[in-house]
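Engineer: predicted structure and sequence below. I'll ask about it afterward.
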Amino acid sequence: MKRSFCRDLSSGLENVPVLIDNQCGGALPRFQYTLENIQGPECDIDPSEVTLPGCSCCSLTCAPDSCPCLCFGQSYTSEGLLTQQEVREEKEPGQSFSRPVFECNVLCECRESCSSRVVQKGLKVQLGVFQTLDRGWGVLALEAVPRGCFVCEYAGEVLSFQEARRRQLSQSSQDMNYIISVQEHGAGQQLSRTFVDPVAIGNVGRFLNHSCQPNLVMVPVRVHSVVPRLALFTCRDVEAGEELTFSYAGGLDFSKQTQTGTGTGAELLQRKVCHCRAPNCTGFLPLDTSVLH
């Protein structure tokens, strides 16, 4: 099917227009477009506030082994993010990264051309929003995208656990759940959880569909704040015209929750059938039931 695209979903906010398919029959959901995460109800940290220190690297680009911003996580390379041995993607396709990413920020003395400044520079890939046959809206890559390339963020309201739980429990079986929960383990196995909801305030990431065999992987990237930005990178080469997808599981194993007839009443109400058609499809969309208890 040949598609033609027009109109910019972001209304000029993005560096590259996010185009909308002319063949779309239904109206796009109404929401406020945002480039970055914003502070949501009961969230005690403002994601836009600069809370991380900067480096004193007076250079065109920072070196991973000496820059204090880069020594705590993964670093970008000239070939992208997925080329390093630390990444579990080689062994577990579609799963999350084992280590987060820290970028240089506004307090750093390195140049704007520093190779560690990627997600903060925003969208660079041409994307198109279209209507799928049975999965609502989706996102197409309108150009070829190499493996390891940053595509877009999953941006929205950053919520507290209580607010995320309230919103999820208030949904009916017909409502789509956009809330993403990302868990990270820090020093001493300390658990950090970030909840992002783009349903009312979000970006193009809200239109990305789930796949049990995705071509994108979600990576927590910290730029100016301790609150991570949920960045999506390609985990393989993507062709022009291919739908972009990621795993809603966020690297967690929800396979035991996909068995029909298991779970509490609230969990069964939230469960949705998966239509990704991947060979390894589990049958149901991943659901983080911990927020329901």
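Structural biologist: In hand now; what should we look at? Residues are numbered from 1 along each chain as shown.
Engineer: helices of this structure, start to end?
Structural biologist: For the chain, helices defined by DSSP state H occupy the ranges 161-169, 265-270.
Engineer: pick out the shakiest of those, pLDDT-wise.
Structural biologist: Among the helices of the chain, helix 265-270 carries the lowest mean pLDDT, a mean of 52.
Engineer: residue 39 contacts residue 159, doesn't it?
Structural biologist: No: distance between residue 39 and residue 159: 9.4 Å, which falls outside the contact criterion (CB atoms under 8 Å). No exception for glycine: its C-beta is placed from N, CA and C like everyone else's.
Engineer: please say which of those two ends up with more neighbours.
Structural biologist: Counted by other CB atoms under 10 Å, residue 39 and residue 159 do not tie: residue 159 has more neighbours, with 24 against 16.
Engineer: all strands for the stretch 101-250 of the chain, in order.
Structural biologist: Taking DSSP state E, counting those that start in this stretch as the test, the strands found in the stretch 101-250 of the chain are 101-102, 127-131, 137-141, 150-153, 157-159, 180-185, 191-197, 201-202, 209-210, 216-222, 229-234, 243-246.
Engineer: so which elements touch the second one?
Structural biologist: This points to strand 127-131. strand 18-21, strand 137-141 (3 or more CB pairs under 8 Å, 6 or more residues apart in numbering; DSSP states H and E).
Engineer: residue 272 against residue 285, yeah?
Structural biologist: Yes: between residue 272 and residue 285 there is a contact at 4.5 Å, judged by CB under 8 Å.
Engineer: who's more crowded, these two?
Structural biologist: Neighbours were counted for residue 272 and for residue 285 using other CB under 10 Å; residue 285 has more, 22 against 16.
Engineer: now do the same contact list for the more buried one.
Structural biologist: Contact analysis of residue 285 by CB atoms under 8 Å, 6 or more residues apart in numbering lists 210, 248, 271-274.
Engineer: again, only using 7 Å
Structural biologist: When contacts are counted by CB atoms under 7 Å, 6 or more residues apart in numbering, residue 285 touches 210, 248, 272, 274.
Engineer: hmm, residue 209 and the second one touching each other?
Structural biologist: No: judged on CB atoms under 7 Å, residue 248 makes no contact with residue 209 at a distance of 9.0 Å.
Engineer: pull out the buried positions in stretch 64-73.
Structural biologist: Using 16 or more other CB atoms under 10 Å as the test for burial, stretch 64-73 gives 64, 67, 69-70, 73.
Engineer: residues in contact with that stretch?
Structural biologist: Stretch 64-73 is contacted from outside by 55, 57, 62, 75, 99-104, 108, 116, using CB under 7 Å, 6+ apart.
Engineer: do the same with stretch 219-229
Structural biologist: 36-37, 45, 47, 49-52, 81, 97, 100-103, 105-106, 119-120, 153, 158, 182, 184, 194, 230-231, 233.
Engineer: find the nearest non-adjacent residue to residue 206, please.
Structural biologist: Excluding the flanking residues, the one nearest residue 206 by CB to CB, 6 or more residues apart in numbering is residue 198, at 3.9 Å.
Engineer: my read is that that neighbour contacts residue 205, right?
Structural biologist: Yes: assessed by CB under 7 Å, residue 198 is found in contact with residue 205 at 6.5 Å.
Engineer: got the phi and psi for the residue located most distally from the centre of the chain?
Structural biologist: Going by CA atoms, centre = their mean, the residue of the chain most distant from its centre is residue 58, 31.5 Å out. Residue 58 adopts backbone torsions of phi -90, psi 70, taken as degrees, to the nearest 10.
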